[in-house]
Structures are given as structure tokens and as C-alpha cells.
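In: Model the following, please.
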Amino acid sequence: MVPELPPLPALTRAEGELVDAYLAVVDLLGKINPSRSTHTYGALRAAQALVGRAEALREALTLMHMRGEAEVHADTLARALRVLDGERRADRVTVPRTPAS
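Out: Alright, predicted model coming up:
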């Protein structure tokens, strides 16, 4: 049985789009990460898709700015990222630690 996740915090539509676009970029960067990928074709496809996801991220931030959302509520967005497994997904972007000898 899958454990029940905590509810997402209340977000504006633009904040939700920001979180979604950010995680999409993180997922693609994880696929491109040369220390974790095994095939060039998959990394190439992820790199090609990265352009579109980066544009979506820019558009979400632009929308927030245009609506007067001048501040990023980092604590709230961090909670949303945690609920959406952002820590594990972002970990794929980093270089793996070497085993302790």
C-alpha cells in the first residue's frame, strides 16, 4: 500500500506552473547528467527537450512578475517540491558520491 502524501500547499496558478516547469527541467538535467546517464541518445533527447521546458519556466516566472507576484515564497514552494518528490529528483542532477573507502 502506498503511503498517503501530505497535501500540496495552496499555490497560485503561476506558482504551480513554476513548480511544474522547474521539476521538468530538473528531470531533464538528471537525464543529461553525464555521471548518471548510460546512453548518448537519451541524453541528447533530454537536451533537446530542455529548451522547451526552460521556456515554460521563464513564462511561469514572467506571468508571476506581470501579476505583481514580486516575491517568491520559498518555504511554501519548498514544501510543494518535497510533496512532489523534488529532493530525489534534484539528487539526480548532482554527481554521485564515491563510496567511502
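In: centroid residue for this protein?
Out: By Cα atoms, centre = their mean, the chain has its centre lying nearest to Leu23, at 1.7 Å.
In: Does that residue touch Glu87 like I think?
Out: No - Leu23 is beyond contact range of Glu87, at 11.0 Å (criterion: Cβ atoms under 8 Å). To be clear about C-beta, it is placed using only N, CA and C from the backbone, and glycine gets the same treatment.
In: Overlap of the contact sets of those two?
Out: Taking Cβ atoms under 8 Å, 6 or more residues apart in numbering as the contact rule, Leu23 and Glu87 both touch Leu81.
In: could you say what helices and strands the helix or strand where Thr62 lies packs with?
Out: Assigned by DSSP states H and E, Thr62 belongs to helix 40-66. The helices and strands touching helix 40-66, judged by 3 or more Cβ pairs under 8 Å, 6 or more residues apart in numbering; DSSP states H and E, are helix 13-32.
In: Buried residues in the helix it packs on, which are they?
Out: For helix 13-32, the neighbour count (16 or more other Cβ atoms under 10 Å) marks 14-15, 17-32 as buried.
In: what do you get for stretch 78-98?
Out: Arg79, Ala80, Leu81, Leu84, Gly86, Arg89, Ala90, Arg92, Val93.
In: How much space separates the closest residue in space to the fifth one that isn't next to it in sequence from Met66?
Out: Sequence neighbours aside, Leu23 is the residue nearest to Gly86 in space, at 6.1 Å (criterion: Cβ to Cβ, 6 or more residues apart in numbering). Leu23 sits 22 Å away from Met66 when distances are taken as Cβ to Cβ, to the nearest Å.
In: related to what we said a few turns ago, contact partners for the residue nearest to Gly86?
Out: By Cβ under 8 Å, 6+ apart, the contact set of Leu23 is Leu81, Leu84, Gly86, Arg89.
In: Done for today, thanks.
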